[in-house]
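Here you go, sequence then predicted model.
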Amino acid sequence: MPDIPSSADLDVTGQRVLLRVDINSPVDPVTKRIVDESRIDKSLPTIRDLAARGARLVVMAHQGDALDYHNLVPTEEHAAKLTEKLGRPVQWVDDVAGPEARRRIQALGNGEILLLDNIRMYGEELSTFERDVRLTPEQMADTYLVRNLAPLFDLYVNDAFATAHRAAPSMIAFQRLLPSAAGLLLTAEVEGLSRILHDPTRPAVFLLGGLKVSDGFSVMGRVLGDGLADRILTTGVLGEIFLLADGIELGPTTERFIAEHDLLHHVDEAEELLADYPDRIAAPVDVAVVDGGVRREFAVADLPTDTLIVDVGEATISAYEVVIAAAGTVFVNGPAGAYEHEGADLGTRRLWAAVAAAPGMTAIGGGDTVASAKRFVDLDDIGFVSTAGGALIRFVSGQPLPLLDAFGAAVDRRST
Ligand code: 3PG
């Protein structure tokens, strides 16, 4: 982690502060209303601290939809929720960097807070990641957003660890133009995770599942390679891919599901990992289907089945519970099964209970992961709950995070 100044150490009274947060929250697919406020809650300390110390505070954020890259939901509801939670008014403007937004920013008094509308209304904010159009950091500093906002501020603060993997103008360009600092959440996330990953209490166990199989593979490669993981317990579709790699036939419905999600290519990768680390990767020994509303379990030796596999079976759950209870550190990403459906939730429910009761250090992160954990256990029983999903996976798997690189480059520029 570069030596990033903390917003807490800066005198912000009367300063015009631009704060980037990640309050991107799960929304109801029909009403588009916020259904989980965790990220809003985690963003409160920095907002509260800056406003309480008299900053003229402008907050910028994005809000996606259930679908990737659909960012059409305005941030007006977020402003109402922030107002309620902070107990002080958070104004909102349905503009980001146009004339109305600029007028409202300039009119702010000390301690006043203004939330801009969804910054991803600007294509430049989106076109720069995982798309064909890419901008250099210099070009990002010349986007409409940055060109119009940077001159209005004295200081840029970033508290959006969950977006740290996005090389977008709001994340990495202001550091080039303004004195910059990390917010309290960003510092806590990076320090907390670095501590856990740097020197984990052994044995370190990774419980990996869910449907985001490529995330699981990118973590596994590194944590097995550098010895960070003593044991990997696979569940969900990830576990099914390891069964396929072991030559087990799952059945036509499950195999079609895996093929349709374009995940079959991971089978080769799983074969290599099994060959290289045979004792460190555990695949399920039984699985469950729900047939006509009734849960049925199959030992792996009794597969294939025509019905879609939706969970791990009880023998797998019991074996994993023992490993989790004996672990020094447990890192979890992805639910064990299709936990939203009755009969398919046993693995997720019992394994979350095991993680919550584990005597070792426990760390979790990711939208689906946290949402599933919340359903079955009290998050206060988990050691470290990260707001980040994609960013966390990249951090754990050792890939660079554009946000930290941008802060690092700013620190280097200041010291030369
Ligand atoms: C997230 O939900 O992971 C962050 O808010 C980043 O959102 P994105 O994946 O749409 O960039």
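Perfect, thanks for sending it.

make it CA atoms for all contacts and neighbour counts henceforth
Will do.

List the residue ranges of this protein that fall below the pLDDT cut-off.
The chain contains residues with pLDDT under 70 at 1-2, 66-69, 127-133, 416.

Report back the residue of it that's furthest from centre.
Most distant from the centre of the chain: Asp302, at 36.7 Å, with distances by CA atoms, centre = their mean.

Could you measure from that residue over to the ligand?
Using CA to the nearest ligand atom, to the nearest Å, Asp302 is found at 38 Å from the ligand.

please begin residue numbering at 584 from this point
With 584 as the first residue, the last one maps to Asp885.

and the protein, which residues reach the ligand?
Asp605, Asn607, Gly647, Asp651, Tyr652, Ala745, Thr746, Ala971, Gly972, Gly973 (CA under 6 Å from any ligand atom).

Report the two of these separated the most.
By the measure CA to CA, Tyr652 and Ala971 form the most distant pair in these, at 16.8 Å.

could you list every residue that touches the closest residue to Gln646 other than its chain neighbours?
Nearest non-adjacent residue to Gln646, counting by CA to CA, 6 or more residues apart in numbering: Asn607, 4.5 Å away. Counting by CA atoms under 8 Å, 6 or more residues apart in numbering, Asn607 makes contact with Arg622, Ala644, His645, Gln646, Gly647.

Asn607 in helix, strand or coil?
Following DSSP: H, G, I helix; E, B strand; the rest coil, Asn607 is assigned to coil.

Got the phi and psi for it?
phi -60, psi 110 (degrees, to the nearest 10).

what's the answer for the one 10 residues further on, then?
Main-chain torsions, Ile617, degrees, to the nearest 10: phi -70, psi 130.

show me the contacts for the residue lying closest to it once chain neighbours are set aside.
Spatial nearest neighbour of Ile617, chain neighbours left out: Val610 (4.3 Å); criterion: CA to CA, 6+ apart. Counting by CA under 8 Å, 6+ apart, Val610 touches Arg616, Ile617, Val618, Asp619, Asp648, Ala649.

Just the buried residues out of these, in PyMOL syntax.
Burial among those is assessed by 16 or more other CA atoms under 10 Å; the matching PyMOL selection reads:
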select buried, resi 648
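
Nearest to the ligand among the contacts of Val610?
Nearest to the ligand, judged by CA to the nearest ligand atom, of these is Asp648 at 8.3 Å.

number of nearby residues for the closest residue to the ligand within the chain?
Of all residues in the chain, Thr746 sits closest to the ligand, with a separation of 4.4 Å (CA to the nearest ligand atom). When neighbours are counted by other CA atoms under 10 Å, Thr746 registers 25.

which ones are touching it?
Contact analysis of Thr746 by CA under 8 Å, 6+ apart lists Asp605, Met754, Ala971, Gly973, Ala974.

Now for those, which sits with the most neighbours around it?
In terms of neighbours by other CA under 10 Å, these top out with Met754 at 26 neighbours.

State the distance from that residue to Leu691.
23 Å (CA to CA, to the nearest Å).

show me what contacts Arg863?
Counting by CA under 8 Å, 6+ apart, Arg863 touches Asp813, Arg814, Ile815.

Buried subset of the residues you listed as a ChimeraX selection?
One line in ChimeraX is enough to select the buried members of these, burial here meaning 16+ other CA under 10 Å:
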select :813,814,815
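
can you redo the contacts of Arg863 as a markdown table with secondary structure?
Shown next, in a markdown table, are the contacts of Arg863 (three-state DSSP):
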| residue | secondary structure |
| --- | --- |
| Asp813 | coil |
| Arg814 | strand |
| Ile815 | strand |
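
any idea which of the contacts of Arg863 is the one closest to Arg686?
Ile815 (53.8 Å).

wait, isn't the closest one in contact with Ala865?
Yes: if you go by CA atoms under 8 Å, Ile815 and Ala865 touch, sitting 6.1 Å apart.

Break the protein down into its domains, please.
Domain assignment for the chain by automatic domain parsing gives 590-772+982-998, 785-942.

Please tabulate those domains in JSON lines, including the columns distance to Gly948.
Compiled in JSON lines, these are given as follows (distance: least, CA to CA, whole Å):
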{"stretch": "domain 590-772+982-998", "distance to Gly948": "10"}
{"stretch": "domain 785-942", "distance to Gly948": "6"}
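
Find the residue at the geometric middle of the protein.
Nearest residue to the geometric centre of the chain (CA atoms, centre = their mean): Gly972, 1.7 Å.

for the nearest residue in space to that one that is not next to it in sequence, what are its contacts?
In space, and not counting its chain neighbours, Gly972 is closest to Gly949: 3.4 Å by CA to CA, 6+ apart. Residues near Gly949 by CA under 8 Å, 6+ apart: Asn916, Gly917, Ser969, Thr970, Ala971, Gly972, Gly973, Leu975.

Was I right to think Arg759 contacts Ala724?
Yes: judged on CA under 8 Å, Arg759 makes contact with Ala724 at a distance of 7.4 Å.

What ranges does the stretch 734-883 of the chain have for its strands?
738-741, 763-765, 787-791, 814-817, 864-865, 869-874, 877-882 (DSSP state E, counting those that start in this stretch).

how about those strands, which one is nearest Asp963?
Of all the strands of the stretch 734-883 of the chain, the one in closest proximity to Asp963, counting by CA to CA, is strand 787-791 (19.0 Å).

How far away from the center of its chain is that closest one?
Here strand 787-791 is found 17 Å from its chain centre; the criterion is CA atoms, centre = their mean, to the nearest Å.

do the same with stretch 811-828
Relative to its parent chain, stretch 811-828 has a centroid offset of 20 Å by CA atoms, centre = their mean.

same check, this time on stretch 897-917
Per CA atoms, centre = their mean, the centroid offset for stretch 897-917 relative to its chain is 22 Å.

same question, stretch 600-613
13 Å.
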